[in-house]
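Need the 3D shape of this:
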Amino acid sequence: MLILEFGGTNLQFYQKYWDKTLEIIKTHKNRIIFINDDPDLPFLWDLLKNENWSRWTLAVNATNPEKAKAILKCPNEIRAIDFPMNSGMSFDVFHDGPINKMVYIGRPSGRNKYFKEYLKSEKLQISGKPEEWKNFNCTVVENPPQKFRRVFYQKYKGCLAIYDDKHKESGWRTGRAYHAVYAGIPVITTCGNQGLNWCYQIKEANDIDNFLNKSVLERKNIWQSQKDFIEKQEKIDILKL
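Presented below is the predicted three-dimensional model:
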């Protein structure tokens, strides 16, 4: 079995890696599993001519793998499965951060309609690149390196996980939601993504303020229920696919 993981698709930067990957695929004669956790990073299918796609399995971090398969423009013969990617991390204890705000880490692209509403709340802190948020009237704090992300989350009362249409349509499990719960803080999200239906659901800016007005015990119980859900989520042994 050959297992491939999603990666950069810009051949200008990653040509040598794609060349090596294609060489390995052509040498391998048995089953192939392509693990994907980013709807914007498909495999470059056209690079493989006359490939037997029936030997491929798309293992995608989404509750609707067939929709994810369409988004990733996979060849029809490929089998698509739901592959929850929530293993390999350890849970921290609950944290009631000293900063009385929810934090969102990332960009607004594909999510503008949500932030036009949620940034009406003064209790939402954006973390990212200021130039990407210049069309919004908000302050932006520096996005921490990945190795410091957990400690950064723990400074806040919770995490806002917002998704684009690709994530919504396919039920994609947004990674930042899991990272936040593992860090010890609860997650809130806008309604509509089946992959995040275990998170605290909101619809408008006032819901952010209302969440933060809950007692520490209430927010801890919400985090605990989210942690319990993740722990009970089915684990798939990829070597048995």
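
Does the closest residue in space to residue 112 that isn't next to it in sequence lie in a helix or a strand, and which?
Computed as CB to CB, 6 or more residues apart in numbering, the closest residue to residue 112 that is not its neighbour in sequence is residue 135, at 7.9 Å. C-betas here are computed from N, CA, C, even on glycine. In the assignment (DSSP states H and E), residue 135 maps to no helix and no strand.

Could you report the distance from residue 135 to residue 178?
Distance, residue 135 to residue 178, using CB to CB, to the nearest Å: 29 Å.

all strands for the chain, in order.
Ranges of strands in the chain, per DSSP state E, are 2-5, 32-36, 56-60, 79-82, 99-105, 124-127, 140-141, 156-161, 187-190, 200-202.

strands paired with the shortest one, and their directions?
Okay, so that is strand 140-141. Neighbouring strands of strand 140-141 in its sheet, by DSSP bridges, are strand 124-127 (parallel).

tell me the mean pLDDT for the strand it pairs with?
The average pLDDT within strand 124-127 is 98.

now stretch 182-196
95.

end-to-end on it?
End-to-end distance of stretch 182-196 (CA to CA, to the nearest Å): 15 Å.

between the strands of the chain, which one is nearest to residue 21?
strand 2-5 (6.8 Å; CB to CB).

and that closest one, what other elements does it pack with?
Under the contact definition 3 or more CB pairs under 8 Å, 6 or more residues apart in numbering; DSSP states H and E, strand 2-5 sits against helix 11-27, strand 32-36.

what do you get if the cut-off is 6 Å, keeping everything else the same?
Contacting strand 2-5 under the criterion 3 or more CB pairs under 6 Å, 6 or more residues apart in numbering; DSSP states H and E are the following elements: strand 32-36.

how about low-confidence regions in this protein?
Within the chain, the segments meeting pLDDT under 70 span 87-88, 238-240.

Okay, helices next: where are they in it?
Remark: helices assigned in the chain by DSSP state H are 11-27, 65-71, 112-118, 149-153, 165-170, 175-183, 205-212, 216-232.

one step back: in TSV, list the strands of the chain along with mean neighbour count and distance to residue 150.
Shown next, in TSV, are the strands of the chain (neighbours: other CB atoms under 10 Å; distance: least, CB to CB, whole Å):
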stretch	mean neighbour count	distance to residue 150
strand 2-5	14	22
strand 32-36	20	23
strand 56-60	25	25
strand 79-82	18	26
strand 99-105	20	12
strand 124-127	20	13
strand 140-141	16	16
strand 156-161	26	11
strand 187-190	24	14
strand 200-202	18	20
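
Relative to residue 118, which of the ones you listed is closest?
Closest of the strands of the chain to residue 118 is strand 124-127, at 5.6 Å (criterion: CB to CB).
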